[in-house]
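In: Structure for this input, please:
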Amino acid sequence: MEKSVIRLTEWSEGSGCGCKIAPAILDQILSSSGSFTQVDPNLLVGNSGKDDAAVYQVSDDLAMINSVDFFTPIVDDPFDFGRIAAANAISDIYAMGGKPVFANAILSWPVEKLAPELAAKVMEGAKSICKTAGIELAGGHSIAAKDPIFGLSVNGIIHPRKIKTNKGAKSGDIIYLTKPLGIGVLATALKRQKIQDKDYAHLIDTACRLNSIGELIGNHEEVHAMTDVTGFGLLGHLIEMCEGSEVSAAIEIHKLPLIEGIQEYINQFIFPDNTYRNWNAYSAKTKGVEGMDLVKLCDPQTSGGLMLAVDPENQSWFENAMKQQNQVIWEIGKFTEKNEFTVAVN
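Out: Sure, this is the predicted structure:
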């Protein structure tokens, strides 16, 4: 008798960062619990800024960064699941301009229904990405539960004056992305067993690629703000940058970089349900979106790229610096003076 194939994505309703709590509900939870209020002067970055990680100053020239990120399976292969989850979690440190130093694992596993050997493969995948990032997977915590969940709590370091946040963008700053969009679309195609082999390869390549360029960017004041694009989609994270910086933004829809092949799936209405959740949360703050362009803007990314606000006077320097580092970037628009709509799509 042929052994049945275990598909991890069958064990979750959502997948990857697409299983995040909706923005409005999350705001309600944090507001009601008083989580936006912080009084410790050494806590340089906390919940109040909706940033990628917390930053705590321990001396004049050293601050600690900590972030935690976990989710349900985005792919069926446990090794790839571990790799994507690890790359996604480590990205939060890079998004602050920091250097990751070690991580702890968070594992929930239905041990009576899914073999422990599969969980071991998840851990192996995570360790492989940690090795690439030059850090140890030092420990962690596990529970037996009905849903497979995996992620990391990552610790990093940074000089207090080099911290990058999602605030600080200025009118006129150029908006860049470091990865193409469409991870959520491809993950949904996989879950529905519609994905082609070449497109799965694109999914893995994109989602497992570390945003290590963020550590270098932390050294440059010409980059005014930075965040990574994850579960709230490009539009959601761009709006967070705009609101934190008290500016608006104008982006060119035709300049958005897309992973090769995703338009074919969009044409078949293959994309995450939470794409609409994101659109419902942010549409009132946006103008100019036509038809199915909302998918490109609101597709939940897992281990997406960095989004940067760069001083226009330093555009040539920035683009040359990225070229020297073999880092592909895409210019997608500019920040503008604050106006009626937070984001205008042209």
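In: residues contacting the residue nearest to Lys162 when sequence neighbours are not counted?
Out: If the residues on either side of it in the chain are set aside, Lys162 comes closest to Gly218, at 4.7 Å by Cβ to Cβ, 6 or more residues apart in numbering. In short, each C-beta sits where N, CA and C put it, glycine included. Going by Cβ atoms under 8 Å, 6 or more residues apart in numbering, Gly218 touches 96-98, 158, 162-164.
In: what do you get for Leu8?
Out: Neighbours of Leu8 in contact, by Cβ under 8 Å, 6+ apart: 73, 75-78, 81, 114, 118, 148.
In: Phi and psi next, for it.
Out: Per-residue torsions, Leu8: phi -60, psi -30 (degrees, to the nearest 10).
In: And the contacts of Gly218, which is closest to Ile175?
Out: Lys164 (14.4 Å; Cβ to Cβ).
In: what about the closest one, how many residues close to it?
Out: By the measure other Cβ atoms under 10 Å, the count of residues near Lys164 is 28.
In: Am I right that it is in a strand?
Out: No: using DSSP: H, G, I helix; E, B strand; the rest coil, the secondary structure at Lys164 is coil, not a strand.
In: surely it meets Ala225?
Out: Yes: counting by Cβ atoms under 8 Å, Ala225 is a contact partner of Lys164 at 6.7 Å.
In: Show me where the stretch 101-250 of the chain has its strands.
Out: All strands of the stretch 101-250 of the chain, identified by DSSP state E, counting those that start in this stretch, fall at 136-144, 149-158, 174-177, 223-228, 248-251.
In: how about the helices of this structure, start to end?
Out: Along the chain, counting by DSSP state H, helices occupy 23-32, 78-95, 116-133, 183-191, 197-207, 213-217, 233-245, 262-267, 274-282, 293-298, 315-324.
In: Could you pull out the buried residues of the last one?
Out: Using 16 or more other Cβ atoms under 10 Å as the test for burial, helix 315-324 gives 318-319, 321-322.
In: Report pLDDT for the residue positioned nearest the centre of the chain.
Out: Geometric centre of the chain, nearest residue: Thr230, 3.0 Å, by Cα atoms, centre = their mean. In this model, Thr230 is scored at 93, pLDDT.
In: quick one, what contacts Asp92?
Out: Contacts of Asp92 (Cβ under 8 Å, 6+ apart): 52-53, 65, 67, 69, 154, 228.
In: Disregarding flanking residues, what is the spatial nearest neighbour of it?
Out: Looking at Asp92 with Cβ to Cβ, 6+ apart, the closest residue is Ser67, at 3.6 Å.
In: pretty sure that neighbour is touching Gly46, no?
Out: No: Ser67 lies out of contact with Gly46 (Cβ under 8 Å); the separation is 12.0 Å.
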